[in-house]
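S.K.: this one's sequence-less:
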């Protein structure tokens, strides 16, 4: 059986990314099906390992060495330009943003060249990333640009509740412009593909309304009548297991109770607020629409915790496990068909 190879980026090295990554890997020592490649300056990974008394060797390698047999040591593909630089824990700067950006760029190239099967990204500091010249609202948009992907969607996954977003990092007043038949249908299709990768039918997808109480027949807005309901009907005619639109204040509760496998949310906070209420420590951010799967823990850099060995690693652990699962199932589907 072919092992699944994952690249894990360092994120902003002033944050908790290296710490939670190594803590997560300590909890995966018995898993022989996954190979890990850490991406980022070696000495930052080494410093985190020393803080944690990390029990495994961190071995610096170059690209050709990826093809060699992996051992008990964990491989690090370093970024040489930053090897002798230092960073203060908790102090994010344009310099740390540049490290984060270059690690993402390197990991994407590894994935596009088929050296790795999926990417897991540690948290970034968006302000520092932009100050370093990477002008993106977040990972999702940066990955779309680096891969030339036509469209990508953010999925938030946990065993308890999952949601896919129509729009992500945009102002609330701009979200209505994202609500089109084409965008909604594409989001539904990506959501179905994601769930199909994780479980066998039957499964059910719910679409949240845009307005309170699903618009109350047009009293609170017409998006449900003009766009959402007709698009759901079109999706059902295509054979997609989707229902709605449902009032946003009830649909997530129904999904949490197991009635739906995924909720299509109209904008960022509509989906993220209920999700983080129930899955803050185990939630995983997934990017759909790329040529490969990308996952990330559902939290930020936690600069106030950096360097203190206090960060919770469970979301990173779930992100690594989910990336491996998605990659393995995608690979199996390709073999079957």
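M.R.: Alright, I've got the coordinates. As the structure is a computational prediction, the values presented were derived from the model and not from experiment. Numbers count the residues shown, from 1 in each chain.

S.K.: show me where pLDDT drops low in the chain?
M.R.: Counting by pLDDT under 70, the ranges of the chain that qualify are 1, 29-31, 63-73, 81-84, 215, 332-337.

S.K.: quick one, strands of it?
M.R.: Secondary structure of the chain, counting by DSSP state E: strands at 4-9, 34-39, 58-61, 74-77, 118-121, 153-157, 163-165, 205-208, 242-246, 262-265, 284-288, 293-297.

S.K.: from the chain's centre, how far out does the last one sit?
M.R.: So that's strand 293-297. The chain centroid and the centroid of strand 293-297 are separated by 3 Å under CA atoms, centre = their mean, to the nearest Å.

S.K.: over to the fifth one?
M.R.: The chain centroid and the centroid of strand 118-121 are separated by 8 Å, computed with CA atoms, centre = their mean.

S.K.: direction included, what does that strand pair up with?
M.R.: strand 4-9 (parallel), strand 293-297 (parallel) (DSSP bridges).

S.K.: quick revisit: got a markdown table for the strands of the chain, with distance to residue 185 and mean neighbour count too?
M.R.: Placement of C-beta: from N, CA and C, glycine included. Shown next, in a markdown table, are these (distance: least, CB to CB, whole Å; neighbours: other CB atoms under 10 Å):
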| stretch | distance to residue 185 | mean neighbour count |
| --- | --- | --- |
| strand 4-9 | 31 | 26 |
| strand 34-39 | 35 | 24 |
| strand 58-61 | 44 | 16 |
| strand 74-77 | 39 | 22 |
| strand 118-121 | 26 | 27 |
| strand 153-157 | 12 | 24 |
| strand 163-165 | 13 | 26 |
| strand 205-208 | 11 | 26 |
| strand 242-246 | 10 | 22 |
| strand 262-265 | 10 | 28 |
| strand 284-288 | 14 | 24 |
| strand 293-297 | 22 | 28 |
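
S.K.: among those, which is nearest residue 132?
M.R.: strand 4-9 (14.3 Å; CB to CB).

S.K.: what sits up against the closest one?
M.R.: Residues from elsewhere that reach strand 4-9 (CB atoms under 8 Å, 6 or more residues apart in numbering): 17, 21, 33-40, 66, 77, 100, 103-104, 106-107, 110-111, 115-122, 320, 323-324, 327-328, 331.

S.K.: show me what the longest helix along the chain is in contact with.
M.R.: Scanning the chain for the helix with the most residues, using DSSP state H, yields helix 314-336. Contact partners of helix 314-336, identified using CB under 8 Å, 6+ apart, comprise 2, 4, 6, 8, 20-21, 23-25, 27-28, 33-34, 36, 117-120, 122, 157-158, 197-198, 280-286, 292-299.

S.K.: 7 Å instead, please
M.R.: Contact with helix 314-336 is made by 4, 6, 20-21, 24, 27-28, 34, 117-118, 120, 157, 197, 281-284, 293, 295-299, as judged by CB atoms under 7 Å, 6 or more residues apart in numbering.
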